[in-house]
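A.B. asks: sequence first, predicted coordinates after that:
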Amino acid sequence: MKRDPELRPLSEHHHHVLVWALEIRRTAESGGADRDERLRKLGESFVRFWDESGHEDPEITRMLAEHATIRAAAEDVKESLGGRFASEPLVELGRMLHDHVRLEEDHIFPRIEKALSEAELHAVGARLTHLHGDKR
């Protein structure tokens, strides 16, 4: 499926919320007399993003839950590789990864593309490129 060029990093990494975590961490570590005020403003901005991002939406809720499930399954595979290998966890992880990426590519990302302006898509793309490196 053809994707807006600014969403390619998002499509590859599926972790755009990490940008928020990075900004919060950097602001918290930056110090300065206005640190708490900058954190408050960042918190307000994040809450607006969170509320407007449809986190009560079933597809969004499913996507977020799947991230946690996939991380746990990856740890199960890692443990299996360090001991007595069991193939079924890896096979199940492959199925989960396929289904999860299809959810994001077919349903979530088109909604993001529809909801954000070109400038907002560019800002997201720039942040993700900075966070994950440009692999285009």
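C.D. replies: Sure thing, it's come through.
A.B. asks: give the residue farthest from the middle of this structure.
C.D. replies: Centroid-distance maximum for the chain: Arg84 at 32.2 Å, with Cα atoms, centre = their mean.
A.B. asks: would you map the helices across this protein?
C.D. replies: 8-13, 17-30, 35-52, 58-82, 87-103, 109-115, 118-132 (DSSP state H).
A.B. asks: possible to save these as CSV with mean neighbour count and mean pLDDT?
C.D. replies: Backbone N, C-alpha and C define where each C-beta goes, glycine included. Formatted as CSV, the helices of the chain follow (neighbours: other Cβ atoms under 10 Å; pLDDT from 0 to 100):
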stretch, mean neighbour count, mean pLDDT
helix 8-13, 18, 57
helix 17-30, 13, 82
helix 35-52, 12, 85
helix 58-82, 13, 90
helix 87-103, 13, 94
helix 109-115, 14, 90
helix 118-132, 15, 82
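A.B. asks: related to what we said a few turns ago, so what does the residue farthest from the centre of the chain look like in phi/psi?
C.D. replies: With angles defined as degrees, to the nearest 10, Arg84 sits at phi -80, psi 110.
A.B. asks: quick one, what contacts it?
C.D. replies: If you count contacts by Cβ atoms under 8 Å, 6 or more residues apart in numbering, Arg84 has none.
A.B. asks: any idea how far it is from Lys114?
C.D. replies: Using Cβ to Cβ, to the nearest Å, Arg84 is found at 48 Å from Lys114.
A.B. asks: and for Glu104?
C.D. replies: 14 Å.
A.B. asks: distance between stretch 20-28 and the chain's centre?
C.D. replies: Centroid separation for stretch 20-28 versus its chain: 15 Å, with Cα atoms, centre = their mean, to the nearest Å.
A.B. asks: could you export it as PDB, CA atoms only?
C.D. replies: Extracted in PDB, the C-alpha atoms of stretch 20-28 (Å, rounded to 0.1, in the frame of the first residue of the first chain):
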ATOM      1  CA  TRP A  20       6.500  12.000  23.600                       C
ATOM      2  CA  ALA A  21       8.500  10.000  26.000                       C
ATOM      3  CA  LEU A  22      11.700  11.400  24.600                       C
ATOM      4  CA  GLU A  23      10.500  15.000  24.800                       C
ATOM      5  CA  ILE A  24       9.300  14.500  28.300                       C
ATOM      6  CA  ARG A  25      12.600  12.900  29.400                       C
ATOM      7  CA  ARG A  26      14.700  15.500  27.700                       C
ATOM      8  CA  THR A  27      12.700  18.300  29.300                       C
ATOM      9  CA  ALA A  28      12.900  16.600  32.700                       C
END
